[in-house]
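Enquirer: Sequence first, predicted model second:
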Amino acid sequence: MRPLWAATAAAGPEFPELTSELRTQVAVIGGGYTGLSAALHLAELGRDTVLLEAVNLGERASGLNGGQVIAGVKYDPDELLSQFGPQLGPKVIETVGNGPELVFDLIRKYGIDCDAVRAGWIQPATSERELVPIRARVEQWRRRGADAELLDRAQTAALTGSTYYCGGWIDRRGGTVQPLSYVRGLARAATRAGARIYVRSPAIRLSVSGSDWRIHSPRGSLIASTVILATDAYTDHLVDPLRRSLVAVPSFQVATAPLAESLRRDILPQGQSASDTRRLLRYFRLDAGGRLLMGSRGAFDQGATPQSTRHLYQAVREIYPQLEGIPFEYHWSGLVGITVDRLPHLHAIAPGLLAGVGYNGRGIAMATTLGRLLARLAQGAAADEIGYPVTEVRPVTLHRFARLGARATMQYLKARDRWDRTRQGLR
């Protein structure tokens, strides 16, 4: 079925296919948030930049996600400080915490029409046990100046419109966008700054040409001194070690018909988005048309159909019983790039070959941020200047079995969530 975002996005610019041999200073492979952010920032710096996208802009992850702009990564600030030490740790915390600021700054600067709302992001807790790490999380971010607040049961119910949760927290740095419109807006801004974009032009082979890289596409080729790989979950065999450093996991979403005004007044009335604390979390929000979106991990080897997204229909009824009987108009799926350590990665793979991947479900803010950092690296910034670690690619051990492991893990987490609900019901 057609994704909601394709049906409601602002019109985007048209781009040609690559049909000749071109030379440029920096080539970007991948036209999602990472690649477009890199191309835009490089063009702003005056670098001649060409971006290649295998399909049309936004047909993959960047145009299929939930549109939530979330600060931070999967680890809390004190954990990041422990991992990266007293020198790099504070810079990493600042970098990941400022992701939404960069997104909304770009939207304002370039007048991107993408239904942007910066009302915050809520993490509601499904159990009292989950409030323990949430309290620590709020304290750690507040200590570093973030506009974050702990929510009790009544406050969470008022903000979400659901009595399902026992509390949570709100991070007012976050917000929402129409993700496909944001993609198209970044592309328009990048081309106005001087970048060239080619679509339906997959990179099928990468080779060394003297001191340069040559990117082979079906109908043309591109020669550049620096190449940025920005393909995340859709990374293929072009640079196989990079592909094997990620596990691509499906995420499914559904959207209801527009809600009646009487329902919209109570459900997420202030415009926040939410992602709960279940092991297989559910994330939800309203779009500009008043439709409720619900997303979660989906089954491998299945596209989004009414049958494969039935668990999401159940989630809507569980969290919002007042929506019983509401029709669903859209269902779709995309891939999420998961790393072993659950952190985004910047890689210097070879001289002149850079990559940014692994957003673990927080793609809009972190991919936009890593795109800017990749532009700085391509411009010649030293790795220790950019505020985020640059590492070697480390393929996942026994990667060929990684999807089997991910599938088994999802089934295990689903069973644990089911048991937790049963135990809470018995209590």
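Expert: Great, that's in hand.

Enquirer: For the helix or strand that contains V336, the averaged confidence score.
Expert: Using DSSP states H and E, V336 sits within strand 328-338. Strand 328-338 shows a mean pLDDT of 93 in the predicted model.

Enquirer: Is the residue lying closest to S82 once chain neighbours are set aside in a helix, a strand, or coil?
Expert: Spatially, and ignoring its direct neighbours in sequence, S82 is nearest to G89 (7.5 Å; CB to CB, 6 or more residues apart in numbering). Yep, even glycine has a C-beta here, placed from its N, CA and C like the rest. Local secondary structure at G89 is given as helix here, using DSSP: H, G, I helix; E, B strand; the rest coil.

Enquirer: repeat for the one 3 residues further on
Expert: Reducing the assignment to helix, strand or coil with three-state DSSP, the entry for V92 is helix.

Enquirer: could I get the strand holding V336 in PDB with only the CA atoms?
Expert: C-alpha atoms of strand 328-338 as PDB (Å, rounded to 0.1, in the frame of the first residue of the first chain):
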ATOM      1  CA  PHE A 328      -6.800   2.300   9.000                       C
ATOM      2  CA  GLU A 329      -5.900   3.900   5.700                       C
ATOM      3  CA  TYR A 330      -2.200   3.300   5.300                       C
ATOM      4  CA  HIS A 331       0.400   0.700   6.200                       C
ATOM      5  CA  TRP A 332       4.000   0.600   5.100                       C
ATOM      6  CA  SER A 333       7.500  -0.600   6.100                       C
ATOM      7  CA  GLY A 334      11.200   0.300   5.800                       C
ATOM      8  CA  LEU A 335      14.500  -0.900   7.100                       C
ATOM      9  CA  VAL A 336      16.400   0.300  10.100                       C
ATOM     10  CA  GLY A 337      20.200   0.000  10.400                       C
ATOM     11  CA  ILE A 338      21.200  -1.600  13.700                       C
END
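
Enquirer: A274 should be in a strand, yeah?
Expert: Yes: assessed by three-state DSSP, A274 belongs to a strand.

Enquirer: doesn't I122 make contact with it?
Expert: Yes: at 4.3 Å, A274 counts as touching I122 under the criterion of CB atoms under 8 Å.

Enquirer: intersection of neighbour lists for these two?
Expert: T160 (CB atoms under 8 Å, 6 or more residues apart in numbering).

Enquirer: So which residue is dead centre in the chain?
Expert: G363 (1.6 Å; CA atoms, centre = their mean).

Enquirer: The helix or strand R376 falls within - contacts with which helices or strands?
Expert: Element membership for R376, per DSSP H and E: helix 363-378. Counting contacts by 3 or more CB pairs under 8 Å, 6 or more residues apart in numbering; DSSP states H and E, helix 363-378 packs against helix 33-44, strand 68-69, helix 77-97, helix 99-110, strand 220-229, strand 345-350, strand 353-357.

Enquirer: Between strand 353-357 and it, find me the angle.
Expert: Helix 363-378 and strand 353-357 are oriented at 160 degrees to each other (axes from the mean of the first three to the mean of the last three CA atoms, to 10 degrees).

Enquirer: buried sites along helix 363-378?
Expert: Across helix 363-378, burial judged by 16 or more other CB atoms under 10 Å covers 363-378.

Enquirer: Show me the helices in this structure, by range?
Expert: For the chain, applying DSSP state H gives helices covering 4-8, 33-44, 77-97, 99-110, 131-143, 153-160, 179-193, 240-243, 261-264, 310-319, 363-378, 402-426.

Enquirer: what's the closest of the ones you listed to D341?
Expert: Distance to D341, taken as CB to CB, is lowest for helix 77-97 among the helices of the chain, at 8.6 Å.

Enquirer: Helix 131-143 and the closest one, what's the angle between them?
Expert: 50 degrees.

Enquirer: name the helices or strands packed onto helix 77-97?
Expert: Looks like helix 77-97 contacts helix 131-143, helix 363-378 (3+ CB pairs under 8 Å, 6+ apart).

Enquirer: For T49, find the nearest of the ones you listed.
Expert: Across the helices and strands packed on helix 77-97, closest to T49 is helix 363-378 (CB to CB), at 8.6 Å.
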